[in-house]
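Asks: test case, fold it:
(4 chains)
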Number of protein chains: 2
Amino acid sequence: MVSATWHEQRHCVDKGTGVTKGLDKKATIRDVARVSGVSVGTVSRSLNAPDTVKPDTLGKVRAAIQSLGFTPDFRAQNMRRRNTMTVGFVIDDIANPWHASCFKAVDAEMREKGFSLYLVSTNGRASEEAAAIDMLQHGRADGVIMTLNNEQDARTIKRLKELKIPGVLLDRDIPLDIDAVLTEHATGLRQATNYLIELGHRRIAIITAGSDIRPGRERVRGFVEAFERAGLPVPRDLIRSQSLSADYGFREATTLLQMPERPTAIIAAGNRILVGVLRAMQQQGVSVPNDISLIACDRSDVAMLYPGPITLIDRPVEDIGRTAAQLLLERLDGKGDRAVQRIAFPTHLIMGGSCLPVRK
Amino acid sequence: MVSATWHEQRHCVDKGTGVTKGLDKKATIRDVARVSGVSVGTVSRSLNAPDTVKPDTLGKVRAAIQSLGFTPDFRAQNMRRRNTMTVGFVIDDIANPWHASCFKAVDAEMREKGFSLYLVSTNGRASEEAAAIDMLQHGRADGVIMTLNNEQDARTIKRLKELKIPGVLLDRDIPLDIDAVLTEHATGLRQATNYLIELGHRRIAIITAGSDIRPGRERVRGFVEAFERAGLPVPRDLIRSQSLSADYGFREATTLLQMPERPTAIIAAGNRILVGVLRAMQQQGVSVPNDISLIACDRSDVAMLYPGPITLIDRPVEDIGRTAAQLLLERLDGKGDRAVQRIAFPTHLIMGGSCLPVRK
DNA sequence: GATAATTATGGAAACGTTTCAATTTCATCT
DNA sequence: AGATGAAATTGAAACGTTTCCATAATTATC
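Replies: Numbering: from 1, shown residues only, chains lettered A, B, ... in the order given. Next comes the predicted model:
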């Protein structure tokens, strides 16, 4: 470890104004008023509604602002305006590339309107989630976009019921009057499963989230439907739906691969699950697509690269993020209370090279 | 697209207090004072310094707080205390898994102390970076942790010189009195390069950032040093140092692979660069490690999985993030101004299966 | 039981904005 | 020129806390 010090002077902003202030305290709107010889109210209006102040006066005020290097204090604005121009983005893990992309989309949309984003990464702990919502709604944020860990957690539900600020749910479904942006997972899974069935697969496994969150329920539903519509028995023993984590993916893939009559295809329905599944396959020396077919969910570096692009169920992250931001902005602009909206986006199958017809 | 509406009533919090207020406005400290029959000051102290108030009084106050469902308003606290309990985390792209991990480490450390984090993803645009610093320092955050896009950008430098809040640089080196947490990239690259040299490689390429940021400079330095120490000529034509992007990695890898006397090993020194390099290799049908050896930088899903684990130069993200947070916290606690610190963390080589001795 | 020392409380003044009613200024119309 | 109304400005009151200083209540000391 190296530690060093520069002996530069911290540069002290020269206000460059006739009015010399002893301290280098930040200039306030009052200082601007004094220097420009107008009232505080006028300075405020010069800032917030320049068209309501005489050009002449405006000039003086701007000059004073310039010379004092004045910038309004956000804290005071927040206090007085009773807002924060800040929005919370609550997820379980920002290291999940899908969440990261979604954040970027939301951020782009919101920042353009002058909002900043709090990022809260809850690590899947319901207590942190509840704490985050609490802190956000008590004057830290004007709105919140959330991907909850669990749709049944009592603490979280309670907070959502009494939520004091507008909120948007991402990929979660709770019977409360909260806007939501969803994905048509069921359709996606049905298509993907059907594709495998048409390739001759019957022993198809699915690994995905539990029924405590919508993606888990819907994906399993779509999976089951595909078999039913094809008039085939559903391979119930190959449905593993409990968690989205990489570890879960690894564990379940490992046991699946060790089954006496092992699956000929696996649907790794979840970003992190895929990572676990691939690790398990490597460990057991099973290769895609020769030994087994594989379908993933959502684009990611791994999905696009491993050993070649994996066939996957894609969905429009940017659209989803942008839509969530827009729903929130509508509420924040406060133009009349519109009805609660739930918008669902379709998925589509992107063909990679990870599926082969089942060997006869 | 589906859109639906629930017609539930938004549940209105029942204050459950004797003092009925017409509106459901949020209770203030004043209400608490009134209900509990003490002064506003006492309520405040009950909250912030409970040991200075008589247990008896404390009881009454707590009861009132409970019955009113009072929570202090952050905006007012920020205004009065002149802080925000918020810290900015500025990076170019949160979808870069290294940044995401680093964020998590910082977040864990800061949240424990009661701070929240603003995440600003600048998309590599210097103007957004400058704007972010501006907004953060004018009352939106108490401190800032940054990984700048460029160490020479005039706008950014100017702001850093006059920075009003404590800051910590991550992996960037600017001669100003700002704390910094660095990585010993040069040593890491020297070791990695040397490892390849010992395997018999001579035509070794490196793709990494430009000399406008420290990692670029240091990595190239280490690379060059390895050859010099081995008494070998430096393959200047194989040094590509201009950007950390995946696209750059792809472009440079593509041209490198098409050289008449193509390199026998590539060091993809950057998270995103690796993704581009692998894409190029796939496209050209070049396989690792048989056709070419490969070394990466930093753990990532891709690096750990592609077709097997890639040999890589690792560094302790958690430690780095935690240290950055701690440096910032020291300044925020305001316990005396200590000298500027620059702490550098060592790297180490993790052996994967992506390097083979050069073919005779 | 009186006085001094200590500890708790009350009241009011901040903090830096925005906003609103009241006032002043200015241009226009008769 | 005086009346009228519109436009621009002022001054003060919020917003909900914290943090003083002064006072009141309690405890300790003799």
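Asks: distance of the residue in the stretch 251-360 of chain A positioned nearest to chain B relative to DNA strand D?
Replies: For the stretch 251-360 of chain A, the residue closest to chain B is residue A:339, as judged by C-beta to the nearest C-beta, at 4.2 Å. (Each C-beta comes from the backbone N, C-alpha and C, glycine too.) Using C-beta to the nearest atom of the strand, to the nearest Å, one gets 29 Å for the distance from residue A:339 to DNA strand D.
Asks: try residue A:242
Replies: Distance, residue A:242 to DNA strand D, using C-beta to the nearest atom of the strand: 42 Å.
Asks: contacts only, for that residue.
Replies: Residue A:242 sits next to A:209-210, A:248 when contact means C-beta atoms under 8 Å, 6 or more residues apart in numbering or on different chains.
Asks: quick one: buried residues of stretch A:111-124?
Replies: A:111, A:115-122 (16 or more other C-beta atoms under 10 Å in any protein chain shown).
Asks: swap in stretch A:317-333?
Replies: A:317, A:320-332.
Asks: secondary structure for these - can I get that in a markdown table?
Replies: Formatted as a markdown table, these follow (DSSP: H, G, I helix; E, B strand; the rest coil):
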| residue | secondary structure |
| --- | --- |
| A:317 | helix |
| A:320 | helix |
| A:321 | helix |
| A:322 | helix |
| A:323 | helix |
| A:324 | helix |
| A:325 | helix |
| A:326 | helix |
| A:327 | helix |
| A:328 | helix |
| A:329 | helix |
| A:330 | helix |
| A:331 | helix |
| A:332 | helix |
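Asks: ranking the contacts of residue A:242 by neighbours, who comes first?
Replies: Neighbour count (other C-beta atoms under 10 Å in any protein chain shown) singles out residue A:209 as the most crowded of the contacts of residue A:242, with 24 neighbours.
Asks: over to it: give its phi and psi.
Replies: With angles defined as degrees, to the nearest 10, residue A:209 sits at phi -70, psi 170.
Asks: so how far is DNA strand C from it?
Replies: Taking C-beta to the nearest atom of the strand, one finds residue A:209 at 44 Å from DNA strand C.
Asks: in strands, which of the buried residues of stretch A:111-124 appear?
Replies: Members of those lying in strands (criterion: DSSP state E): A:116-121.
Asks: thinking again about what came up before, out of the buried residues of stretch A:317-333, which is nearest to DNA strand D?
Replies: DNA strand D lies nearest to residue A:332 out of the buried residues of stretch A:317-333, by C-beta to the nearest atom of the strand, at 18.8 Å.
Asks: ok, that closest one - contacts?
Replies: So residue A:332 contacts A:142-143, A:166 (C-beta under 8 Å, 6+ apart).
Asks: same check on residue A:82?
Replies: Contacts of residue A:82 by C-beta under 8 Å, 6+ apart are residue B:75.
Asks: how about the nearest residue to the residue in chain A that DNA strand C sits nearest to, chain neighbours excluded?
Replies: Residue nearest to DNA strand C within chain A: residue A:29 (2.9 Å; C-beta to the nearest atom of the strand). Leaving out its chain neighbours, the residue that sits closest to residue A:29 by C-beta to C-beta, 6 or more residues apart in numbering or on different chains is residue A:43, at 5.1 Å.
Asks: and the one you found, what pLDDT?
Replies: Reading off the confidence values, residue A:43 has pLDDT 96.
Asks: just the ones in strands among the buried residues of stretch A:111-124 that are near chain B?
Replies: A:116-121 (C-beta under 8 Å from any C-beta of the partner chain).
Asks: quick one, helices of chain A?
Replies: For chain A, applying DSSP state H gives helices covering A:29-36, A:40-48, A:55-68, A:74-81, A:97-112, A:126-135, A:154-161, A:185-198, A:214-229, A:246-257, A:271-283, A:301-305, A:317-333.
Asks: turn these into a markdown table, columns for distance to residue B:180.
Replies: Compiled in a markdown table, these are given as follows (distance: least, C-beta to C-beta, whole Å):
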| stretch | distance to residue B:180 |
| --- | --- |
| helix A:29-36 | 34 |
| helix A:40-48 | 36 |
| helix A:55-68 | 32 |
| helix A:74-81 | 27 |
| helix A:97-112 | 25 |
| helix A:126-135 | 30 |
| helix A:154-161 | 39 |
| helix A:185-198 | 45 |
| helix A:214-229 | 41 |
| helix A:246-257 | 33 |
| helix A:271-283 | 32 |
| helix A:301-305 | 29 |
| helix A:317-333 | 33 |
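Asks: between these, which one is closest to residue B:175.
Replies: helix A:55-68 (29.1 Å; C-beta to C-beta).
Asks: relative to helix A:40-48, how tilted is that closest one?
Replies: 90 degrees (axes from the mean of the first three to the mean of the last three C-alpha atoms, to 10 degrees).
Asks: residue A:203 is in contact with residue A:261, correct?
Replies: Yes - the pair residue A:261 / residue A:203 is scored as a contact, 6.6 Å apart, by C-beta atoms under 8 Å.
Asks: hmm, residue A:134 is touching residue A:159, no?
Replies: Yes - at 6.6 Å, residue A:134 and residue A:159 qualify as touching, with contact defined as C-beta under 8 Å.
Asks: for DNA strand D, what is the nearest residue in chain A?
Replies: For chain A, C-beta to the nearest atom of the strand, closest residue to DNA strand D: residue A:41, 2.7 Å.
Asks: interface residues of the stretch 1-150 of chain A facing DNA strand C?
Replies: Residues of the stretch 1-150 of chain A found near DNA strand C (C-beta under 7 Å from any atom of the strand) are A:25-26, A:28-30, A:40-41, A:43-45, A:47-48, A:70, A:72-73, A:75-77, A:79-81.
Asks: PyMOL command to pick out the buried ones of those?
Replies: A single PyMOL command selects the buried members of these (16+ other C-beta under 10 Å):
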select buried, chain A and resi 26+28+29+43+44+45+47+70+72+73+75+77+79
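Asks: pLDDT at the closest residue in space to residue A:148 that isn't next to it in sequence, what is it?
Replies: Once flanking residues are discounted, residue A:148 sits nearest to residue A:172: 5.0 Å by C-beta to C-beta, 6+ apart. With respect to pLDDT, residue A:172 scores 97.
Asks: among the contacts of residue A:332, which are in strands?
Replies: residue A:143.
Asks: how about a markdown table for the contacts of residue A:332, with pLDDT added?
Replies: A markdown table is the format used below for these (pLDDT from 0 to 100):
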| residue | pLDDT |
| --- | --- |
| A:142 | 96 |
| A:143 | 97 |
| A:166 | 95 |
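Asks: ChimeraX command to pick out the buried ones of the contacts of residue A:332?
Replies: To isolate the buried subset of the contacts of residue A:332 in ChimeraX, counting by 16+ other C-beta under 10 Å, use the following:
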select /A:142,143,166
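Asks: would you format the contacts of residue A:332 as a markdown table with distance to residue A:354 included?
Replies: What follows is the contacts of residue A:332, written out as a markdown table (distance: C-beta to C-beta, whole Å):
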| residue | distance to residue A:354 |
| --- | --- |
| A:142 | 44 |
| A:143 | 40 |
| A:166 | 41 |
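Asks: chain B next: which of the contacts of residue A:332 are close?
Replies: Near chain B, by the rule C-beta under 8 Å from any C-beta, you find none of the contacts of residue A:332.
Asks: and DNA strand D, which of the contacts of residue A:332 contact it?
Replies: Among the contacts of residue A:332, not one lies near DNA strand D by C-beta under 7 Å from any atom of the strand.
Asks: lovely, talk soon.
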